[in-house]
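Engineer: below is the sequence, then the predicted model.
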Amino acid sequence: MKILGIETSCDETSASIVKDGRDIISLITLSQIDVHKQYGGVFPEMAAREHLKNIIPVTHQCFEKAKIKPGNIDFIAVTIGPGLPPSLLIGVQIAKSLAYVWNKPIYGMSHIKAHIYANWLERNFEDKKVFPALCLVVSGGHTLLVLMKSHREFKALGETRDDAAGEAFDKVARLLGLGYPGGPIISKLAEKGNRKAFDLPRPMIDTEDFDFSFSGLKTAVLRIVKEKECCSKSEKKSLDSKFVKDMAASFEQAVVDTLVIKSLKAAQKFKPKSLMLSGGVAANGNLRNSLKKEIKKLDPKIEFFVPEIKYCTDNAAMVACAGFYCSKKERVRFDEIDSDANLRLGGR
Ligand code: KG4
Ligand code: ZN
């Protein structure tokens with residue numbers, strides 16, 4: 001079965017054709033980072049304009065690369081939410097138009113589930129090794145723990161009450177005068193810094209629930225940065241490179257510790273067969289290594305999965321993959337789906 005995936009929930013315009021849920025025949029992703037980095041974050045109206053400009057060329061290129069005709073796909077899977085409303089609208093409207101013109105069924109996919117399914121891409125494991133799976137989804141827009149009992153049973157155990165982990169990386173990068181997106185820059189600098197240089201909080205690690213909160217951590221960084229700038233003798237109030245590396249390392253460690261502690265608590269309670277990490281922040285080496293090490297220490301029988309780094313950030317292959325496993329008979333006509341920027345996990 002060949003599925004065309006379309007993803008435009010934030011600032012990546014992506015199309016992919018995936019065979020039988022796992023084999024990527026083609027994947028084309030166009031990032032808008034260059035457009036947004038001057039603003040230090042994603043500018044929603046601008047993102048929509050870029051999606052509109054790029055979605056048809058990206059989809060065309062995807063078919064060219066796959067060397068197949070639209071008539072040979074079985075259906076279209078498109079991200080309907082959660083995400084930025086103007087961005088989602090473009091992907092969903094284009095996917096509906098293609099479904100109409102090509103007379104294909106369409107399936108509306110949750111972006112969060114799609115991130116989880118990045119774990120299936122280009123892999124060959126049996127599902128019985130996986131369920132129940134504890135899934136930690138950490139991206140720029142979301143941070144949540146999910147219990148996945150089967151391909152059709154997802155339960156959110158807890159989520160962030162304010163900033164997502166990726167958002168915190170991006171905001172702290174801005175405070176430190178670094179570029180956008182902040183996650184990759186901070187994680188590179190962190191390798192050269194002292195992770196114990198600053199005593200930062202590990203928010204909500206002692207609560208009974210599985211919620212997160214990262215805005216206080218960002219404020220703690222802000223306070224130290226302001227103090228440092230006040231003491232700076234230089235006119236420009238610039239931060240010295242040792243300070244920036246040490247702060248990057250200390251901040252990254254605080255985020256990683258928090259995510260690991262909460263995930264282990266959930267694993268102790270729900271006794272999953274596997275732990276699956278996903279989302280843009282799953283590209284972070286420290287998080288990948290720490291979570292794998294700690295879950296094996298807790299219970300060596302729990303399998304640990306994390307997507308290849310290139311499938312952690314937004315891409316349409318994970319949407320097509322999720323469509324393969326979740327859709328069953330729920331594929332519909334082009335006029336029966338719509339975007340939903342606040343889509344909850346319980347929905348499709
Ligand atoms: O999943 P994604 O592409 O988009 C959303 O659905 O939000 O995630 C993007 C987020 C950004 O906040 C970015 O800073 C973060 O993922 N990120 C990282 C790393 N690579 C990307 N955060 C920490 N370490 C990284 N290596
Ligand atoms: Zn995402």
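Structural biologist: Happy to help now that I have it. None of these values were measured; they are calculated from a predicted model. Ligands and ions are numbered 1, 2, ... in the order given.

Engineer: where exactly do the helices run in the stretch 51-200 of the chain?
Structural biologist: 85-102, 111-117, 165-175, 182-190 (DSSP state H, counting those that start in this stretch).

Engineer: okay, now the unreliable bits of the chain?
Structural biologist: The chain contains residues with pLDDT under 70 at 232-237, 346-348.

Engineer: hang on, the earlier thing: mind giving me JSON lines with the helices of the stretch 51-200 of the chain and columns for distance to ligand 1 and mean neighbour count?
Structural biologist: Just so you know, the C-beta spots here come from the backbone N, C-alpha and C atoms, and that holds for glycine as well. Putting these into JSON lines (distance: least, Cβ to the nearest ligand atom, whole Å; neighbours: other Cβ atoms under 10 Å) gives the following:
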{"stretch": "helix 85-102", "distance to ligand 1": "11", "mean neighbour count": "20"}
{"stretch": "helix 111-117", "distance to ligand 1": "6", "mean neighbour count": "28"}
{"stretch": "helix 165-175", "distance to ligand 1": "3", "mean neighbour count": "24"}
{"stretch": "helix 182-190", "distance to ligand 1": "2", "mean neighbour count": "21"}
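
Engineer: could you export those to CSV, including columns for distance to residue 305?
Structural biologist: Converted to CSV, those look like this (distance: least, Cβ to Cβ, whole Å):
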stretch, distance to residue 305
helix 85-102, 27
helix 111-117, 10
helix 165-175, 18
helix 182-190, 20
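
Engineer: between those, which one is nearest to residue 340?
Structural biologist: Shortest separation from residue 340 across the helices of the stretch 51-200 of the chain is recorded for helix 85-102, at 7.9 Å, computed as Cβ to Cβ.

Engineer: I'd like the helices of the stretch 51-200 of the chain laid out as a markdown table, including distance to ligand 2.
Structural biologist: Listed next are the helices of the stretch 51-200 of the chain as a markdown table, based on distance: least, Cβ to the ion, whole Å:
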| stretch | distance to ligand 2 |
| --- | --- |
| helix 85-102 | 11 |
| helix 111-117 | 6 |
| helix 165-175 | 8 |
| helix 182-190 | 12 |
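
Engineer: quick check: residues of the stretch 201-348 of the chain near ligand 2?
Structural biologist: residue 314 (Cβ under 5 Å from the ion).

Engineer: give me the domain ranges for the chain.
Structural biologist: What automatic domain parsing lists as the domains of the chain is 2-117+311-336, 131-307.

Engineer: and these, which is most packed in?
Structural biologist: Mean neighbours per residue, mean count of other Cβ atoms under 10 Å, is largest over those for domain 2-117+311-336, with a mean of 21.

Engineer: quick check: residue 181 vs ligand 2, distance?
Structural biologist: 12 Å (Cβ to the ion, to the nearest Å).

Engineer: need phi/psi at that residue.
Structural biologist: The phi/psi pair for residue 181 (degrees, to the nearest 10) reads phi -70, psi 150.

Engineer: residues touching it, list them.
Structural biologist: For residue 181, the contacting residues are 33, 140, 166, 169-170, 173, 280, by Cβ atoms under 8 Å, 6 or more residues apart in numbering.

Engineer: mind doing that once more with 6 Å?
Structural biologist: Applying Cβ atoms under 6 Å, 6 or more residues apart in numbering to residue 181 gives the contacts residue 170.

Engineer: how much space separates it from ligand 1?
Structural biologist: Counting by Cβ to the nearest ligand atom, to the nearest Å, the gap from residue 181 to ligand 1 is 4 Å.

Engineer: contacts for stretch 56-73?
Structural biologist: The contact list for stretch 56-73 (Cβ under 6 Å, 6+ apart) reads 2, 4, 13, 15, 17, 25-26, 28, 30, 102.

Engineer: distance-wise, check residue 23 relative to residue 320.
Structural biologist: Distance, residue 23 to residue 320, by Cβ to Cβ, to the nearest Å: 10 Å.

Engineer: where does the most centrally placed residue in the chain fall, phi/psi-wise?
Structural biologist: In the chain, the residue lying closest to the centroid (Cα atoms, centre = their mean) is residue 279, at 2.5 Å. Per-residue torsions, residue 279: phi 100, psi 160 (degrees, to the nearest 10).

Engineer: not counting its neighbours along the chain, what's nearest it?
Structural biologist: Residue nearest to residue 279 in three dimensions, not counting chain neighbours: residue 139, with 3.5 Å by Cβ to Cβ, 6 or more residues apart in numbering.

Engineer: also residue 313?
Structural biologist: Going by Cβ to Cβ, 6+ apart, residue 313 has residue 280 as its nearest residue, at 4.5 Å.

Engineer: distance of that neighbour from residue 139?
Structural biologist: Residue 280 sits 5 Å away from residue 139, going by Cβ to Cβ.

Engineer: got any residues that touch both of the two?
Structural biologist: Any residue near both residue 280 and residue 139 by Cβ under 6 Å, 6+ apart counts here, and that gives residue 166.

Engineer: what distance do you get for the residue nearest to residue 313 to residue 297?
Structural biologist: Counting by Cβ to Cβ, the gap from residue 280 to residue 297 is 26 Å.

Engineer: just residue 332 next, same as before
Structural biologist: 46 Å.

Engineer: got the contact list for the closest residue to ligand 2 within the stretch 1-150 of the chain?
Structural biologist: For the stretch 1-150 of the chain and ligand 2, the shortest gap (Cβ to the ion) falls at residue 139, measuring 4.2 Å. Contacts for residue 139 (Cβ under 6 Å, 6+ apart) come out as 166, 279-280.

Engineer: again, but for residue 246
Structural biologist: Residue 246 makes contact with 193-194, 197 under the criterion Cβ under 6 Å, 6+ apart.
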